[in-house]
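Colleague: Turn this into a structure:
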Amino acid sequence: MIGRRTYNRHELEDVIGSFLSERLRARFVSRSGGNRPPAGAAEWRAVLSPEGLLLGYRGRRPPLHRRAWKTASIRGTLHPPVAAAMARLAGIDTGMTVLDPCCGAGTILIEAKKLTPRADFIGSDLDSDALAASARNARRLTDIAFAKSDAARLPMPAGGIDRIVTNPAWGRQVATVQRFPALLAAWRRVIADDGRLVCLVPPELLCHFETERSAWNLVERRPLSLSGQHPVIVIAEPKRSRKRR
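Modeller: Residues are numbered from 1 along each chain as shown. From the prediction side, this is the model:
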């Protein structure tokens with residue numbers, strides 16, 4: 001769905017699904033409430049924009065955003081294709097230590113692990129339900145450690161992290177707990193001088209990377225259209241001149 005609206009995706013699906021069900025004399029299964037379509041279901045793709053409605057038959061190929069490993073989810077969880085793109089932008093190599101300090105359901109770390117199996121991955125979150133979901137999703141993987149921790153007060157030594165890849169709360173679907181400058185300061189402390197941060201943020205938070213007092217060099221930005229929002233994937237590197245405390 002493109003543009004401002006007063007309804008959500010499931011309400012739109014229900015209207016279109018009911019119409020198709022009547023025309024095709026088929027049973028419609030609503031996905032509202034987290035329901036999954038039954039095996040063998042025919043799927044349709046709808047795109048609604050100011051220009052009109054495009055409706056097409058998806059076919060039997062599973063949608064890219066559905067992963068067999070993702071059996072647990074939480075509010076505000078990231079789409080796996082976006083997480084995979086962020087992991088690629090991070091440039092993770094064998095032997096590196098990768099941190100997601102706002103790991104949620106573990107989506108970023110699991111997608112990164114699939115891309116670079118021989119790296120070490122650490123996920124932390126303050127939400128116990130999120131940690132339970134991440135542990136369930138990563139149950140068949142090794143070298144991913146999850147722990148309950150405040151993203152602004154990370155209990156790890158300075159300079160020990162090679163890559164930070166994360167999607168912090170924006171205050172929309174998930175309430176923000178810490179101010180973003182506090183997060184950036186904590187992440188700068190634990191990341192190596194030659195490290196890299198890949199972070200998904202709303203546009204209004206870009207200013208924190210662009211001030212003279214910022215501890216980060218903004219290297220690149222990649223705009224997205226995601227769930228009716230327009231966040232930016234930020235790629236940043238630490239300023240080496242900054243002294244750690």
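Colleague: Report the buried residues of the lowest-mean-pLDDT helix or strand in the chain.
Modeller: Lowest on mean pLDDT, DSSP states H and E among the helices and strands of the chain sits strand 44-49, with a mean of 84. Neighbour counts over strand 44-49 (16 or more other Cβ atoms under 10 Å) mark Ala46, Leu48 as buried. Backbone N, C-alpha and C define where each C-beta goes, glycine included.
Colleague: repeat for stretch 10-17
Modeller: In stretch 10-17, counting by 16+ other Cβ under 10 Å, buried: Glu13, Ile16, Gly17.
Colleague: again with stretch 208-225
Modeller: The neighbour-count check on stretch 208-225 (16+ other Cβ under 10 Å) flags His208, Phe209, Ser214, Ala215, Trp216 as buried.
Colleague: The first one - that's part of a helix, no?
Modeller: Yes: His208 forms part of a helix when assessed by DSSP: H, G, I helix; E, B strand; the rest coil.
Colleague: Touching, it and Phe180? I think so.
Modeller: Yes: the criterion here is Cβ atoms under 8 Å, and His208 meets it with Phe180 at 5.6 Å.
Colleague: so which helix or strand takes in Leu99?
Modeller: strand 97-100 (DSSP states H and E).
Colleague: quick one, longest strand in the protein?
Modeller: strand 191-201 (DSSP state E).
Colleague: What residues of it count as buried?
Modeller: Applying a neighbour-count criterion of 16+ other Cβ under 10 Å, one finds Ile191, Gly195, Arg196, Leu197, Val198, Cys199, Leu200, Val201 buried in strand 191-201.
Colleague: what's the domain layout of this structure?
Modeller: 9-57, 80-238 (automatic domain parsing).
Colleague: Rebuild those domains as TSV, extending it with distance to Arg67.
Modeller: Output for the domains of the chain, formatted as TSV (distance: least, Cβ to Cβ, whole Å):
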stretch	distance to Arg67
domain 9-57	13
domain 80-238	5
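Colleague: so which of those domains is the most packed in?
Modeller: Comparing those by mean neighbour count (mean count of other Cβ atoms under 10 Å), domain 80-238 ranks first with a mean of 18.
Colleague: what about that one, how long is it end to end?
Modeller: 26 Å (Cα to Cα, to the nearest Å).
Colleague: Spatially, and excluding backbone neighbours, which residue is closest to Ser30.
Modeller: Nearest residue to Ser30 in three dimensions, chain neighbours excluded: Asp14, at 5.4 Å (Cβ to Cβ, 6 or more residues apart in numbering).
Colleague: per-residue confidence averaged over the one helix or strand the one you found maps to?
Modeller: Using DSSP H and E, Asp14 falls within helix 9-24. In this model, helix 9-24 carries a mean pLDDT of 91.
Colleague: Can you give the distance from that helix to the centre of its chain?
Modeller: 28 Å (Cα atoms, centre = their mean, to the nearest Å).
Colleague: now the strands: where do they sit in this structure?
Modeller: Using DSSP E, the strands of the chain run over residues 44-49, 52-57, 97-100, 120-125, 144-148, 161-166, 191-201, 216-223, 232-238.
Colleague: Would you format those as a markdown table with distance to Lys70 included?
Modeller: Listed next are those as a markdown table, based on distance: least, Cβ to Cβ, whole Å:
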| stretch | distance to Lys70 |
| --- | --- |
| strand 44-49 | 20 |
| strand 52-57 | 24 |
| strand 97-100 | 15 |
| strand 120-125 | 15 |
| strand 144-148 | 14 |
| strand 161-166 | 17 |
| strand 191-201 | 18 |
| strand 216-223 | 23 |
| strand 232-238 | 20 |
